[in-house]
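> Next come a sequence and a model predicted from it.
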Amino acid sequence: MEFAEELGFLKEQVLFKGKIDAGRRFRNVVIAGMGGSGIVGKIFSEIYTEKPVTLIDGYSVPAHLSRDTLFVAVSYSGNTEETIKAAERAMQKGCRVVTISSGGELGDYGDQNIHIPRSDLQPRSAIGYMLMPFMEGFGLVDAADIKEAHKVVESLDHNNQECFAHAKRISRNKKIPVVYGAYPFSSVAYRWKTQFNENAKVIAYCSSFPELNHNDTMALAETYRKDEFYIMVFDSDRKEIKKRIAITSRLTQTKFNFIEFKGKSLAARLFYMIHYGDYLSYHLGKMRGVDPTDVRLIEELKKAL
């Protein structure tokens, strides 16, 4: 399947009705996942603030797991070694375990299994299938939000020339992508970074406001080879963040390329920004003459392990 075709499936994933049963009493949430599956935990933990959320991106589980823990194991394939081991240990601790996968070994684990209806996508291209169960289960979206999210994602499928233009400037000048986000999209900036890594096969860097004002600011002013970086900044509707961005640009004499979100609801803005990065990194990969779907080195690493 051509990767552009995969990207076009996101609008349908936003309509996915899989839903985590979060109705039972729990004190904390623990999410296990790696790579393209693990990013959903990062995104969810940034936008859900009612109870503590812990993320696991390895074999170990935190000591505080208990019967009061809602443990969610996310693996698109259902065969991710680290996530399976973490889920096994969570079950041993008596946690309520929910799995999200397209099948595999993990599909038979736990108390609730959410089955992704497609198994022929790249894990990173199935983000909607893996994220919507969190959004629905924890009450972060309603029907109107989903409708708007579907609409803005579809709009990018029809017109992503702005993404193409950014990719062209990066490719033409052999720039290194730098992505700066801010709450509630700091995790999306990280998603962009990983999409650049896999889709375009380039090293990329990400950070977020206001944290970067306590470290990156000095580097922006003093770093060598500054002209080799292409810095993209997510716009924000928070006055304090807008102020920080403007002052940072002025003090460090750095040009920022602004990325504006679309939509009124959190869900629409979130999926729009995710999809924008998908297309930008896809176009860059095509311009560089690399296959966006190629992850053979990652697969060889897994086999070698």
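Right, received. Where do you want to start? The structure presented is a predicted model; accordingly, all values stated were derived computationally and were not measured.
> Give me the neighbour count for the nearest residue to Asp294 once chain neighbours are set aside.
Nearest non-adjacent residue to Asp294, counting by Cβ to Cβ, 6 or more residues apart in numbering: Lys201, 7.8 Å away. Backbone N, C-alpha and C define where each C-beta goes, glycine included. Applying other Cβ atoms under 10 Å, we find 18 residues neighbouring Lys201.
> Which pLDDT value belongs to Lys201?
For Lys201, the model assigns a pLDDT of 97.
> What of Gln92?
For Gln92, the pLDDT comes out at 95.
> what residues are up against Met132?
Counting by Cβ atoms under 8 Å, 6 or more residues apart in numbering, Met132 touches 13-14, 16, 18, 141.
> any idea which of those residues is the one closest to His158?
Val14 (15.5 Å; Cβ to Cβ).
> Contacts only, for that closest one.
Listed by Cβ under 8 Å, 6+ apart, the contact partners of Val14 are 128, 132, 146, 149-150, 153, 267, 271.
> Which phi and psi values does it adopt?
phi -60, psi -20 (degrees, to the nearest 10).
> Next one, pLDDT for it please.
The model's pLDDT for Val14 equals 98.
> ok, now how distant is Ile31 from Ser66?
Note on Ile31: its distance to Ser66, by Cβ to Cβ, to the nearest Å, is 16 Å.
> Over to Lys17?
Going from Lys17 to Ser66 by Cβ to Cβ gives 30 Å.
> And the two? Which one has more around it.
Comparing Lys17 with Ser66 by other Cβ under 10 Å, the one with more neighbours is Ser66, at 12 against 9.
> State the three-state secondary structure for the more buried one.
Recorded secondary structure, Ser66: coil (DSSP: H, G, I helix; E, B strand; the rest coil).
> returning to what we had before: and the contacts of Val14, which is closest to Phe26?
Of all the contacts of Val14, Met132 has the smallest distance to Phe26: 19.8 Å, by Cβ to Cβ.
> Could you single out the nearest of the contacts of Val14 to Ala246?
Nearest member of the contacts of Val14 to Ala246, counting by Cβ to Cβ, is Phe271, at 27.2 Å.
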